[in-house]
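In: Kindly return the folded structure for what I paste below:
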Amino acid sequence: MSNVDSEAIELRCGAPADGGRGTEVPQVDVLSPRNVPLGGPRAMTVRRTLPQRSRSLIGAWCFADHYGPDDIAETGGMEVAPHPHTGLQTVSWLFSGEIEHRDSLGSHAFVRPGELNLMTGGHGISHSEVSTPRTTVLHGVQLWVALPGEHRHAERDFQHYVPEPVRIDGAEVRVFLGSLAGAESPVRTFTPLLGAEIVLEPGATISLALDPAFEHGLLVDHGNVRMADTLLGPAELGFVHAGIDAATLTNTSDDAARTVLLGGTPFEEEIVMWWNFIGRSHEDIVRAREDWQNSTDRFGTVEGYAGDRLPAPALPNATITPRKNPPRR
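Out: Coordinates of the predicted model:
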């Protein structure tokens, strides 16, 4: 998905100074989303929880958009024209609906509920995303993963994976990246990561073993879920520092609650994010934007999309300043 924020800001993001250690009951920081329209007269609005001022990254997860359920008859659905990416992987995960994906690698695939589509941008890729005519309700998350410096110019790639659901007492887990609850995804990432959908039965309480080297974030799709001693409502993301080896989740709702658990080792590198580009300097961003605007072969061509590609917004007249995650309290 493109970051079509009309006033895209340039950020330099870094890991916290202290990742934390120990097995104490986790302190959960609540990250509230902001609404971002994706453009057009019937703009589809997403709820963005990453990045924000209080937290730039969770592991290498650097961008999280949560959208729907949207009635396509009212919103018009998703129509994101070809747009570029550098220095990242995009992770598409749906709860309902269907999205057609085309990219400059030549991939033509569909994003469906319970199926992972992961695209590696590396040095440069472009793609389009369009909800299909079969879609009546569109609902899901779009996530980005920052690539570490040694892999930020990796070759373009596209992976598709359908995880088998795992039943544990009171919950169903689908692990699309990393490992959790005895399930492991074969999908390649460039830093240690976790991504899993967890659906809790009404009133259920579960305990999950976590990798203490990871920091974690729990995004609530619907329902009310207590993480440790903190209650999280729909669209809120609960963040837990590294050093915690288990988490207790309780669905306080009368209906099933759906969440997405993200995790990863603290990302130690500073990155610069602007529009759909991730680099290490202002010059990286300027060069990527020029390459896209000048239609160089860096990003390739998306075949089969009927329409024009997205132009890059104007660069802000601003100096990049370091923007770090706060240290652990």
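
In: Wait, a helix at residue 102?
Out: No. With DSSP: H, G, I helix; E, B strand; the rest coil as the criterion, residue 102 is assigned strand and is not in a helix.

In: Point out where this structure drops to low pLDDT.
Out: Low-confidence segments of the chain, defined by pLDDT under 70, are located at 1-25, 39-43, 319-329.

In: list the buried ones in the lengthiest helix in it?
Out: Of all the segments of type helix in the chain, defined by DSSP state H, the longest one is helix 282-293. Of the residues in helix 282-293, those scored as buried under the neighbour-count criterion (16 or more other Cβ atoms under 10 Å) are 282, 284, 285, 288, 289, 291, 292. Yep, even glycine has a C-beta here, placed from its N, CA and C like the rest.

In: for stretch 247-259, same thing?
Out: By neighbour count, with 16+ other Cβ under 10 Å as the criterion, the buried positions of stretch 247-259 are 247, 249, 250, 251, 252, 253, 257, 258, 259.

In: Name the surrounding residues that touch it.
Out: Residues lying outside stretch 247-259 but in contact with it, judged by Cβ atoms under 8 Å, 6 or more residues apart in numbering, are 26, 95, 170-171, 197-208, 210, 216, 218-228, 231, 240.

In: Now with 6 Å, please.
Out: Stretch 247-259 is contacted from outside by 198-202, 204-208, 210, 218, 220-227, using Cβ atoms under 6 Å, 6 or more residues apart in numbering.

In: Any of those buried? List them.
Out: Judged by neighbour count, with 16+ other Cβ under 10 Å as the criterion, the buried members of those are 198-201, 204, 206, 208, 210, 218, 220-227.

In: Quick one: residues contacting the closest residue to residue 214 other than its chain neighbours.
Out: Spatially, and ignoring its direct neighbours in sequence, residue 214 is nearest to residue 263 (4.1 Å; Cβ to Cβ, 6 or more residues apart in numbering). Contacts for residue 263 (Cβ under 6 Å, 6+ apart) come out as 59, 194, 214, 216.

In: most surrounded residue in those?
Out: residue 59 (27 neighbours; other Cβ atoms under 10 Å).

In: host element of residue 220?
Out: Residue 220 is part of strand 215-222 when elements are defined by DSSP states H and E.

In: Check which helices and strands that strand is in contact with.
Out: Taking 3 or more Cβ pairs under 6 Å, 6 or more residues apart in numbering; DSSP states H and E as contact, the helices and strands that strand 215-222 lies on are strand 237-240, strand 257-264.
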